[in-house]
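J.: Based on what follows, work out the 3D shape:
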Amino acid sequence: MMRQVRVLIGAAVVVGLVLALALPVAAQDNPITAAHAAIKAALDQKDFNAVWAQSHTIVELVAKRDAATLTGPELYALGVAHYYLVAEDLNLALKVGGLAEDQVPKATAMRDRIMGAEPQAPLAVTVPVTPPAVGLPDAVPGQVRTISKGQQVTLTDYVAPGKPTVFDFFSEFCPPCRALSPKLEKLAQTRPDLSIVKVDINRPGIQGIDWQSPVARQYKLQGIPHLKVFGADGKLQAEGDQAWEIVNKWLAGGQ
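T.: Have a look, this model is predicted:
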């Protein structure tokens, strides 16, 4: 009898070890929990744009699933994603502007409390200027041009000669992008000395923000709307937060 009990206990231990070894592998094979793990890693590196990108990935993956089939860890990952996306929305609201005076400190405090620290401004990157491609149509003054449709694009091909050019990376599935769009259209109408070009990162037929599109991967986008500003000399002047500062100044009527 005691021998049978020892055999059963030994078998249980073996089964437990097998399950303990198998569960991490299963978690790694699950794209939702894998994205959750990537959020943790990005937080450790204080890469907040990566946190938000992985949060969007979780939301999009869950949207493709039957809610009744979601596991506890997957639902937990979804909750975490929504939590950090609140901070992204607050960060974008601060960038787009138009908040009441008392809303700015509240939005800043809420964003920083969620993220644990203030997101760092992306560094401007200088890229080599190439001659414009032959045959590209000229921009029409007062109108916003849309390019790419998810495909790779050379921005310098669309820089307006002799005037600053703003590139807005966007998706129609991005609410903050839709909120910014009419402001840029108005800016194009009131400032003929500027050129506004919208870069659609979505490939035709893709539902949701197309983070895997060729143009999104080409420019390593971590969040949208993402702005780049080229100067009248055709060189990259600013991107990310620095570009937002310039564009917000123009939106406010500054030069």
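J.: Name the next helix or strand following the least confident helix or strand in the chain by mean pLDDT along the chain.
T.: Least confident element among the helices and strands of the chain, by mean pLDDT, DSSP states H and E: helix 2-29 (a mean of 45). Once the chain leaves helix 2-29, the next helix or strand it forms, by DSSP states H and E, is helix 31-44.
J.: The nearest residue to Ala87 once chain neighbours are set aside: how many residues sit nearby?
T.: Leaving out its chain neighbours, the residue that sits closest to Ala87 by CB to CB, 6 or more residues apart in numbering is Ile114, at 3.9 Å. Any C-beta I mention is one placed from the backbone N, CA and C, and that applies to glycine too. The burial count assigned to Ile114 is 17, neighbours taken as other CB atoms under 10 Å.
J.: how far away is Ile114 from Asp44?
T.: Using CB to CB, to the nearest Å, Ile114 is found at 16 Å from Asp44.
J.: cool, and Gly98?
T.: On the measure of CB to CB, Gly98 and Asp44 end up 34 Å apart.
J.: And the two? Which one has more around it.
T.: Set side by side, Gly98 and Asp44 show more neighbours around Gly98, with 11 against 8, by other CB under 10 Å.
J.: which residues touch that one?
T.: Shown here is Gly98, which makes no contacts under the criterion CB atoms under 8 Å, 6 or more residues apart in numbering.
J.: what's the helix or strand for it?
T.: Assigned by DSSP H and E, Gly98 falls outside every helix and strand.
J.: tell me the phi and psi of it?
T.: Reported as degrees, to the nearest 10, the phi and psi values for Gly98 are phi 90, psi 10.
J.: Quick one: residues contacting the residue most central in space within the chain.
T.: Note on the chain: the residue nearest the mean C-alpha position is Gly223, at 1.7 Å, using CA atoms, centre = their mean. Gly223 makes contact with Asn49, Trp52, Ala53, Glu88 under the criterion CB under 8 Å, 6+ apart.
J.: Helices - which of these land there?
T.: Using DSSP state H, the members of the contacts of Gly223 that fall within helices are Asn49, Trp52, Ala53, Glu88.
J.: Just the closest of these to Gln151, please.
T.: Distance to Gln151 across those (CB to CB) is lowest for Ala53, with 20.2 Å.
J.: burial count for the closest one?
T.: Residue crowding around Ala53 was assessed by other CB under 10 Å; the count is 23.
J.: can you tell me how far it sits from Pro176?
T.: From Ala53 over to Pro176 the distance is 14 Å, taken as CB to CB.
J.: and what of Leu99?
T.: Going from Leu99 to Pro176 by CB to CB gives 13 Å.
J.: For the two, indicate the residue with more neighbours.
T.: When Leu99 is set against Pro176 and neighbours are counted by other CB under 10 Å, the residue ahead is Pro176, at 18 against 15.
J.: what about the more buried one, which SS state?
T.: Secondary structure for Pro176, judged by DSSP: H, G, I helix; E, B strand; the rest coil, is helix.
J.: which one is it nearest to, not counting chain neighbours?
T.: For Pro176, the nearest residue in space outside its immediate sequence neighbours is Leu92; the separation is 4.2 Å by CB to CB, 6+ apart.
J.: distance of Lys106 from Phe48?
T.: Separation of Lys106 from Phe48 (CB to CB): 19 Å.
J.: Look at these two and report which has more neighbours.
T.: For Lys106 versus Phe48, the count of surrounding residues by other CB under 10 Å is larger for Phe48: 24 against 12.
J.: quick one: Ala107 and Ala87, what's the gap?
T.: Here the criterion is CB to CB. By it, Ala107 lies 10 Å from Ala87.
J.: just Ala63 next, same as before
T.: According to CB to CB, Ala63 stands 20 Å off from Ala87.
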